[in-house]
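> using only what follows, build the 3D model:
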Amino acid sequence: MWTPNRPQAEWVAIVRVTIGAIVGVGSFSKNLGKGLYTPAGLRRLDNYYIKASPLAGGVEGKMMGLMAVTRPRWRLL
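Below you'll find the model as predicted:
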């Protein structure tokens, strides 16, 4: 039965966490630059996804639009 070498497994875990952190910080800073963390930015993003959705023309698209308008907007303190 094969068992992983413990030091190697720890290094792989460290590399995976590091890559995840780099991607997460990069995505956060890119979205922050676009203004997506403001109410107006979230509204623009919602509208983009509603228009880009293949369901946009039907009843499903109208329901998606209604949910985007009526969902609560959380504020950071």
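
> which strands and helices sit next to the helix or strand Ser29 falls within?
If you go by DSSP states H and E, Ser29 is part of helix 6-34. Packing partners of helix 6-34 (3 or more C-beta pairs under 8 Å, 6 or more residues apart in numbering; DSSP states H and E): none among the helices and strands. The C-beta positions use only the backbone N, C-alpha and C, and glycine is treated the same way.

> any buried residues in the helix or strand just after it, and which?
Sequence-wise, the next helix or strand downstream of helix 6-34 (DSSP H and E) is helix 39-52. The neighbour-count check on helix 39-52 (16 or more other C-beta atoms under 10 Å) flags Leu42, Asp46, Ile50 as buried.

> distance to Ser29 and pLDDT added to those, as a markdown table?
Putting the buried residues of helix 39-52 into a markdown table (distance: C-beta to C-beta, whole Å; pLDDT from 0 to 100) gives the following:
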| residue | distance to Ser29 | pLDDT |
| --- | --- | --- |
| Leu42 | 17 | 84 |
| Asp46 | 21 | 78 |
| Ile50 | 26 | 73 |
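
> from those, which is closest to Gln8?
Gln8 has its nearest neighbour among the buried residues of helix 39-52 in Leu42, at 42.7 Å by C-beta to C-beta.

> pretty sure Leu36 sits against Leu45.
Yes: contact between Leu36 and Leu45 holds when scored by C-beta atoms under 8 Å: they sit 5.7 Å apart.

> give me the common contacts of those two.
The contact sets of Leu36 and Leu45 do not overlap (C-beta atoms under 8 Å, 6 or more residues apart in numbering).

> ok, so of the buried residues of helix 39-52, who is nearest Ala9?
Looking across the buried residues of helix 39-52 and measuring by C-beta to C-beta, the closest to Ala9 is Leu42, at 39.9 Å.

> I figured the closest one hits Lys34, correct?
No: using C-beta under 8 Å as the test, Leu42 is too far from Lys34 to be in contact (11.0 Å).
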